[in-house]
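A.B. asks: what follows is a predicted structure for the sequence shown.
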Amino acid sequence: MSPIAPESVRRVACVGAGVIGGGWAAHFLARGYDVTAWDPAPDAEARLGRLITAAWPAVEQLGLADGASPDRLTVTDTLEDAVAEAQFVQESAPEKLELKRDLLAELDAATASDVVIASSTSGYPMTDMQTTAARPGRLVVGHPFNPPYLIPLVEVVGGEATESWAVDWASAFYTAAGKSVITMERELPGFIANRLQEALWREALHMVAAGEATVADIDASITEGPGLRWAFMGPCLTFALAGGEGGMAHMLDHFGPSLKAPWTRLAAPELDDALRSAMVDGCADAAGERGHADLVAERDQGVINVLRATGRLPRRAGEQA
Ligand SMILES: NC(=O)C1=CN([C@@H]2O[C@H](COP(=O)(O)OP(=O)(O)OC[C@H]3O[C@@H](n4cnc5c(N)ncnc54)[C@H](O)[C@@H]3O)[C@@H](O)[C@H]2O)C=CC1
Ligand SMILES: C[N+](C)(C)CC(=O)CC(=O)[O-]
């Protein structure tokens with residue numbers, strides 16, 4: 001196998017151009033790549049245009065690569081045209097296992113054999129998705145975070161039929177493309193971050209379903225509390241500080257036994273109509289007058305402010321530390 005050097009890639013294909021595929025397209029355009037995109041929805045091109053227009057002020061604040069421009073996007077009529085010249089493919093189609101299997105097999109058939117194809121799946125192991133592809137050795141998971149043009153993390157992991165060069169190549173490519181990469185040695189449903197997020201999400205849904213907390217309480221409990229610390233220090237080091245000068249050892253000796261308290265013993269809640277309505281109505285109340293575009297702009301500026309405040313993005317001239 002002689003794939004192109006990851007740092008020499010110039011042309012990337014985004015297949016599936018919704019929230020995440022569109023976000024990937026914005027990211028790759030901002031990093032100076034030529035991007036081809038394909039999505040079967042009739043309104044996909046217009047939606048993608050709106051997403052990239054909304055994202056561009058944010059990516060400009062991060063700093064554009066030389067030559068970066070939204071004009072370097074080509075939306076194609078067929079999947080084959082999108083990937084024909086691509087040096088890397090990012091698949092971001094709906095989270096349905098059969099659909100992913102068929103699509104990855106189609107992408108495999110339409111793409112040169114040394115091109116790595118990554119899936120944005122938020123939870124399926126690649127082993128389960130690569131079953132029908134003729135050349136599964138170059139299929140990897142590249143799990144992003146919303147929006148991919150601002151949140152640095154990508155989790156990279158292969159399946160049982162993935163060859164190790166493809167995992168290494170994908171990790172090197174994402175790094176060259178400005179992402180922060182965790183390369184996983186073994187498959188884990190939900191990878192690392194979603195396994196953690198889903199534990200929190202499961203408890204949030206249970207509390208709303210049982211009337212124990214409102215959507216607003218749950219959001220404030222994170223934004224006014226642990227979320228402030230998690231932007232720059234993970235849960236393990238944060239809790240090591242909870243042990244004072246005794247660190248993690250004292251923290252575990254002191255609070256470890258409370259892990260056995262019945263705080264959480266719950267399986268995933270039933271997503272019945274009542275819970276669905278409580279979540280949808282609670283989010284509508286929390287959003288108030290703000291529409292989708294307002295919330296996207298607010299989130300994007302918030303992430304940029306956090307990146308700046310934590311030194312991951314240079315401060316602007318005259319800005320105080
Ligand atoms: N929304 C999120 O926060 C995140 C989603 N993901 C993953 O990204 C992937 C895409 O999710 P979203 O962008 O949220 O969904 P979405 O519903 O916003 O977009 C999916 C797009 O795929 C298109 N599509 C439908 N059938 C297709 C096919 N056969 N081939 C190609 N495209 C097709 C749809 O027209 C739509 O534009 C999923 O695997 C999801 O798990 C990963 C990280 C975060
Ligand atoms: C909601 N989600 C499970 C699809 C979220 C992700 O996969 C990652 C993220 O953006 O938090």
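C.D. replies: Everything's here; your move. Residues are numbered from 1 along each chain as shown. Ligands and ions are numbered 1, 2, ... in the order given.
A.B. asks: what's the pLDDT at residue 257?
C.D. replies: Looking at residue 257, its pLDDT reads 87.
A.B. asks: where do the helices of the stretch 201-321 of the chain begin and end?
C.D. replies: Assigned helices in the stretch 201-321 of the chain, in chain order: 215-223, 226-230, 235-242, 247-255, 273-287, 292-309 (criterion: DSSP state H, counting those that start in this stretch).
A.B. asks: for the ones you listed, give me CSV that also has distance to residue 60.
C.D. replies: The way it works is simple: take the backbone N, C-alpha and C, and place the C-beta from them, glycine included. Output for those, formatted as CSV (distance: least, CB to CB, whole Å):
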stretch, distance to residue 60
helix 215-223, 26
helix 226-230, 26
helix 235-242, 32
helix 247-255, 41
helix 273-287, 26
helix 292-309, 10
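A.B. asks: just want the residue of the stretch 101-250 of the chain that's nearest ligand 2.
C.D. replies: Closest to ligand 2 within the stretch 101-250 of the chain is residue 122: 3.1 Å, counting by CB to the nearest ligand atom.
A.B. asks: give me the number of residues near that residue?
C.D. replies: Applying other CB atoms under 10 Å, we find 19 other residues in the vicinity of residue 122.
A.B. asks: so where does it fall, helix or strand?
C.D. replies: Per DSSP states H and E: residue 122 is located in neither a helix nor a strand.
A.B. asks: up against ligand 2, what does the stretch 1-150 of the chain have?
C.D. replies: By CB under 6 Å from any ligand atom, the residues of the stretch 1-150 of the chain that approach ligand 2 are 122, 145-146.
A.B. asks: any chance of those in CSV, plus distance to ligand 1 and pLDDT?
C.D. replies: CSV is the format used below for these (distance: CB to the nearest ligand atom, whole Å; pLDDT from 0 to 100):
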residue, distance to ligand 1, pLDDT
122, 3, 95
145, 6, 98
146, 4, 98
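A.B. asks: which of those lies closest to residue 266?
C.D. replies: Taking CB to CB as the measure, residue 122 is the one of those closest to residue 266, at 21.3 Å.
A.B. asks: dump the helices of the stretch 201-321 of the chain into CSV; add distance to ligand 2 and mean neighbour count as well.
C.D. replies: CSV is the format used below for the helices of the stretch 201-321 of the chain (distance: least, CB to the nearest ligand atom, whole Å; neighbours: other CB atoms under 10 Å):
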stretch, distance to ligand 2, mean neighbour count
helix 215-223, 13, 15
helix 226-230, 13, 13
helix 235-242, 16, 13
helix 247-255, 27, 14
helix 273-287, 13, 13
helix 292-309, 11, 14
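A.B. asks: among these, which comes closest to ligand 1?
C.D. replies: Set against ligand 1 and scored by CB to the nearest ligand atom, the helices of the stretch 201-321 of the chain come closest in helix 292-309, at 11.5 Å.
A.B. asks: the closest one vs ligand 1: in contact?
C.D. replies: No: Helix 292-309 lies out of reach of ligand 1 by CB under 6 Å from any ligand atom, never closer than 11.5 Å.
A.B. asks: one step back: gap between the residue of the stretch 101-250 of the chain closest to ligand 2 and residue 259?
C.D. replies: To residue 259, residue 122 is 27 Å away according to CB to CB, to the nearest Å.
A.B. asks: repeat for residue 201
C.D. replies: Separation of residue 201 from residue 259 (CB to CB): 20 Å.
A.B. asks: so what's the closest residue to residue 184 other than its chain neighbours bridging to?
C.D. replies: Using CB to CB, 6 or more residues apart in numbering and skipping the chain neighbours, the partner closest in space to residue 184 is residue 157 (3.9 Å). Legend: beta-bridge partners of residue 157 under DSSP bridges are residue 141.
A.B. asks: right, is stretch 99-110 up against ligand 1?
C.D. replies: Yes: using CB under 6 Å from any ligand atom, stretch 99-110 reaches ligand 1 at 99, 103.
A.B. asks: give me the distance between that stretch and the centre of its chain.
C.D. replies: How far stretch 99-110 lies from its chain's middle: 21 Å, per CA atoms, centre = their mean, to the nearest Å.
A.B. asks: give me the contacts around that stretch.
C.D. replies: Stretch 99-110 has contacts (CB atoms under 8 Å, 6 or more residues apart in numbering) with 15-16, 79-80, 83-84, 89, 91, 93, 117, 119, 121, 124, 128-136, 138-139.
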